[in-house]
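[1] Need coordinates for the below:
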Amino acid sequence: MSQPQPVAVTVNLAAAVEQLEQASANREPCPPVADLVGVGDIDAAYEVQKRITERRVAAGARIVGRKIGLTSKAVQAQIGVDRPDFGVLFDDMRFEGGDEIPFTRLLQPKAEAEVAFLLGRDILDADDPAAIRAAVLLAFPALEIVDSRIANWRIGITDTVADNASSGVFVIGGEGVPLDRAEPAEVRMTMRRNGEIVSQGTGRDCLDDPLNALAWLAHTAIGVGAPLRAGDIVLSGALGPMVTVMPGDIFEAEIVPLGTISARFSKKDGGNA
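    Residues are numbered from 1 along each chain as shown. The predicted model follows:
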C-alpha cells in the first residue's frame with residue numbers, strides 16, 4: 001500500500017493552524033479541525049499545537065508552564081472524550097485572585113476548579129512517584145477558564161489537543177501550601193458562581209490523585225522532548241464539572257485545605273461587572 005505524501009499532511013496541518021489562529025484573531029469560533037488533522041491522529045494534533053505555540057513565542061509570549069486537561073470523568077463526559085491531554089500556559093494567560101478578567105478576551109468560556117502545582121525541581125524521571133512528589137514546591141487553589149476556538153464546543157480529542165487543550169486563562173493566588181501540609185488526593189472542592197454552588201468534587205476526581213495527573217504529564221513531556229522544569233506552573237485538571245461563564249459572573253472556589261480563589265468577569269462590553 002502506498003504511503004500518503006508528506007506534502008498533503010503538511011497542507012492539512014497548516015490549514016488547521018490557520019483556522020485556529022483566525023478564530024483567535026477574529027474572536028469568532030470556527031468549525032472543527034479534526035477533518036484536517038485526522039479524527040484519531042493525536043500526534044498530528046500535537047504538531048498543530050506546537051506550531052501555534054512556536055508562533056506565539058516568536059511574537060513575544062513566554063511559556064510559564066503546562067495545563068492538563070480532561071482528567072475528570074465528569075468533564076470527559078461533558079466533552080465526549082476518554083483520555084487526558086495537555087497544553088501550554090503563557091504568561092498573558094495568568095490572572096491573580098480578584099482581578100477582573102475581560103470577557104471580550106474569551107469566546108465560549110467555562111470555569112473549572114483545580115489544584116495548581118509550582119515545581120521546585122526539574123522532573124526527569126516520571127516513573128518514580130517519590131520524585132514526582134518531591135518536585136512540587138507548593139500547591140495552590142486555582143480556577144482555570146477553559147475556552148474553545150471550535151464553535152459550540154463541538155470537539156473531539158484531536159480538536160481540543162490542536163487547540164492548546166482548549167485553553168483560555170487561569171487564576172491562582174495565595175501563598176501556596178507545601179505537600180507536607182496537604183494531600184492532593186484528599187482535597188475537597190466547592191465552586192460557586194455568584195454565590196450559588198455549581199460544582200463540587202475532590203482530589204480523587206482528578207485521575208484518583210492530582211499527583212497522578214502530574215506524573216502523566218511529566219511522562220508525556222519527557223516523551224516529546226520538553227520535560228517539566230523548576231519554576232513551571234502546572235494546572236493538574238478539574239476536580240468537578242466545568243461551568244459556563246457569563247459576562248459579569250463572579251466565581252469562587254474553595255479547595256480545602258489549600259484555600260480559596262476567586263475570578264470575576266467584566267461585562268461583555270468591557271464595562272465593570
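[2] Every contact and neighbour count from this point should use C-alpha atoms.
    Noted.
[3] how about the strands in the protein?
    For the chain, applying DSSP state E gives strands covering 63-69, 85-90, 94-96, 100-101, 110-119, 136-146, 169-172, 188-193, 196-202, 233-238, 243-244, 250-256, 259-265.
[4] for the third one, the distance to its chain's centre please.
    So that's strand 94-96. Taking C-alpha atoms, centre = their mean, to the nearest Å, one finds strand 94-96 lying 14 Å from the centre of the chain it belongs to.
[5] Which residues does that strand contact?
    Contacting residues not belonging to strand 94-96 are listed as 101, 169-173 [C-alpha atoms under 8 Å, 6 or more residues apart in numbering].
[6] now, of the strands of the chain, which is deepest in the fold?
    Taking mean count of other C-alpha atoms under 10 Å as the contact definition, the stretch among the strands of the chain with the greatest mean neighbour count is strand 233-238, which reaches a mean of 29.
[7] What's the mean pLDDT across it?
    Confidence over strand 233-238, taken as the mean pLDDT, stands at 96.
[8] just the helices in this protein please.
    Assigned by DSSP state H, the helices in the chain fall at 6-26, 34-37, 42-58, 73-79, 129-135, 157-162, 210-223.
[9] where in the stretch 51-200 of the chain is pLDDT low?
    In the predicted model, the stretch 51-200 of the chain carries pLDDT under 70 at residues 76, 78-82.
[10] what separates the nearest residue to Thr53 once chain neighbours are set aside from Glu252, distance-wise?
    Among residues not flanking Thr53 along the chain, Val88 sits closest, at 7.6 Å (C-alpha to C-alpha, 6 or more residues apart in numbering). In this structure, Val88 and Glu252 are separated by 24 Å, where distance is defined by C-alpha to C-alpha, to the nearest Å.
[11] Can you read off the pLDDT for Glu252?
    Confidence score, pLDDT, at Glu252: 97.
[12] So what touches stretch 168-177?
    Stretch 168-177 is contacted by residues 93-97, 106, 109, 116, 138-148, 258-259, 261-263 when judged by C-alpha under 8 Å, 6+ apart.
[13] Does Glu61 touch Leu89 like I think?
    No, residue 61 isn't Glu; it's Ala. No - look at Ala61 against Leu89 with C-alpha atoms under 8 Å: they stay out of range, at 9.9 Å.
[14] Can you give me the end-to-end span of stretch 129-142?
    Terminal residues of stretch 129-142 are spaced 23 Å apart (C-alpha to C-alpha).
[15] From Pro29, how far off is the spatially most central residue of the chain?
    Within the chain, the residue whose C-alpha comes closest to the C-alpha centroid is Lys67; the distance, by C-alpha atoms, centre = their mean, is 4.0 Å. If you measure Lys67 against Pro29 using C-alpha to C-alpha, the figure is 22 Å.
[16] start to end distance for stretch 219-229?
    The distance separating the two terminal residues of stretch 219-229, taken as C-alpha to C-alpha, comes to 13 Å.
[17] now stretch 195-214
    The distance separating the two terminal residues of stretch 195-214, taken as C-alpha to C-alpha, comes to 31 Å.
[18] Done for today, thanks.
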